[in-house]
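Novice: With the sequence up front, the predicted model follows.
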Amino acid sequence: MKIGFAGLGVMGAPMARHLVEAGHAVAGFNRSPDKARAWAKATGGRFVATVNEAAAGAEMFILCVGNDDDVREVVAAALPSLARGAVIVDHTTTSARVAREMTAQAAGQGAAFIDAPVSGGQAGAETGQLSVMAGGDATALVRVEPVLMHYAKAVKHMGPSGAGQLTKMVNQIAIAGVVQGLAEAVHFAQTAGLDTDAVYDAISRGAAQSWQMDNRWKTAAAGQFDFGFAVDWMRKDLGLVLDEARTNGAHLALAALVDQFYSEVQAMGGARWDTSSLAARLQARPAR
């Protein structure tokens, strides 16, 4: 398939690489041209300098950019150049509102738009093990699902336009609560003078087990946070969650509280730390 790909960052670059390795003709665009050139050199994909070039004649156009405004800008630039009947797949985490806007805009020019945020982080993108939650036209999704499966372990259609983004919000709400619980558990174990490795061995095979515990307990206990999904990104995502909750009436006291805690981590200089750095906020507080 002829594919345009916009956004070759820590997530987009490996996702686009999987498509090249699978034999698709991929034109890669990034706002920083040097990143796009390096990606093309490393993968054999085609470097392009503009969104229009990436979209020219493409049957499928994939985005993995920053925020709502980035999506609006890229889609507006891509639409006139796409092949008739093309499918746009947006892996950016955005508001449900912008997904609905882009669906209407794409339909007006004979294209389909699917909001398809992902979960699994950089590691999932590198290994091709992402989970994709998709909203939009089910028929269009069926057409492109085999392509998405080159970097996904699962693709789930969640409903009409915006449903993928709403599902990603659910994902982030759940993560926020689990990571705060993990941070407090590590903090309590350390304050109580316990061997945190032994604690992990004791509790990680029972009801407390989670992906966060298995992958973040030991690094959090060691105060290591210079990796993973950045606090800045999580605050962006929680901002989308809290905006949506104000619209739909959901009560999200814990998500709002954790968002405040992340603002404290940012103030500590942890804007690019992993989300498990909620533990750093507690580690910085002297025991009473």
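Specialist: Thanks, I have the structure now.
Novice: longest helix anywhere in the chain?
Specialist: Of all the segments of type helix in the chain, defined by DSSP state H, the longest one is helix 163-191.
Novice: how distant is whichever helix or strand comes after that one from the center of its chain?
Specialist: Next helix or strand after helix 163-191 toward the C-terminus (DSSP states H and E): helix 196-203. The offset between the C-alpha centroid of helix 196-203 and the centroid of the whole chain comes to 30 Å, using CA atoms, centre = their mean, to the nearest Å.
Novice: where do the helices sit along the stretch 51-200 of the chain?
Specialist: According to DSSP state H, counting those that start in this stretch, the stretch 51-200 of the chain carries its helices in the segments 51-55, 68-78, 96-107, 121-127, 138-148, 163-191, 196-203.
Novice: Flag every buried residue along the fourth one.
Specialist: By neighbour count on 16 or more other CB atoms under 10 Å, the buried set for helix 121-127 is 121, 124, 125, 126. Bear in mind the C-beta positions are built from the backbone N, C-alpha and C, glycine included.
Novice: Stretch 249-269 too?
Specialist: Of the residues in stretch 249-269, 252, 255, 258, 259, 261, 262, 265 count as buried by neighbour count, 16+ other CB under 10 Å.
Novice: my guess is the third one contacts residue 182, does it?
Specialist: What that stands for is residue 258. No - counting by CB atoms under 8 Å, no contact exists between residue 258 and residue 182, whose distance comes to 11.6 Å.
Novice: Pull up the overlap in contacts between those two.
Specialist: Taking CB atoms under 8 Å, 6 or more residues apart in numbering as the contact criterion, the common neighbours of residue 258 and residue 182 are residue 278.
Novice: Just give the number of residues close to the nearest residue to residue 81 once chain neighbours are set aside.
Specialist: In space, and not counting its chain neighbours, residue 81 is closest to residue 55: 4.0 Å by CB to CB, 6 or more residues apart in numbering. A count of neighbours around residue 55, defined by other CB atoms under 10 Å, yields 26.
Novice: and residue 55, what is it in contact with?
Specialist: Residue 55 neighbours (CB under 8 Å, 6+ apart): 4, 61, 77, 78, 79, 80, 81, 82.
Novice: again, only using 6 Å
Specialist: Taking CB atoms under 6 Å, 6 or more residues apart in numbering as the contact definition, residue 55 lies against 4, 61, 78, 81, 82.
Novice: swap in residue 189?
Specialist: Contacts here follow CB under 6 Å, 6+ apart; on that basis residue 189 touches 196, 199.
Novice: mind putting the buried residues of stretch 249-269 in JSON lines, secondary structure and pLDDT included?
Specialist: Putting the buried residues of stretch 249-269 into JSON lines (DSSP: H, G, I helix; E, B strand; the rest coil; pLDDT from 0 to 100) gives the following:
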{"residue": "252", "secondary structure": "coil", "pLDDT": "98"}
{"residue": "255", "secondary structure": "helix", "pLDDT": "98"}
{"residue": "258", "secondary structure": "helix", "pLDDT": "98"}
{"residue": "259", "secondary structure": "helix", "pLDDT": "98"}
{"residue": "261", "secondary structure": "helix", "pLDDT": "98"}
{"residue": "262", "secondary structure": "helix", "pLDDT": "98"}
{"residue": "265", "secondary structure": "helix", "pLDDT": "98"}
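Novice: packing partners for the lengthiest strand in the chain?
Specialist: Scanning the chain for the strand with the most residues, using DSSP state E, yields strand 152-159. Counting contacts by 3 or more CB pairs under 6 Å, 6 or more residues apart in numbering; DSSP states H and E, strand 152-159 is packed against strand 130-135, helix 138-148.
Novice: if we can go back for a sec, next, find the distance separating the residue nearest to residue 81 from residue 271.
Specialist: From residue 55 across to residue 271, the span is 33 Å (CB to CB, to the nearest Å).
Novice: likewise residue 149?
Specialist: Relative to residue 271, residue 149 is positioned 34 Å away (criterion: CB to CB).
Novice: Skip the chain neighbours and tell me the closest residue to residue 263.
Specialist: The shortest distance from residue 263 to any non-neighbouring residue, by CB to CB, 6+ apart, is to residue 235 (7.0 Å).
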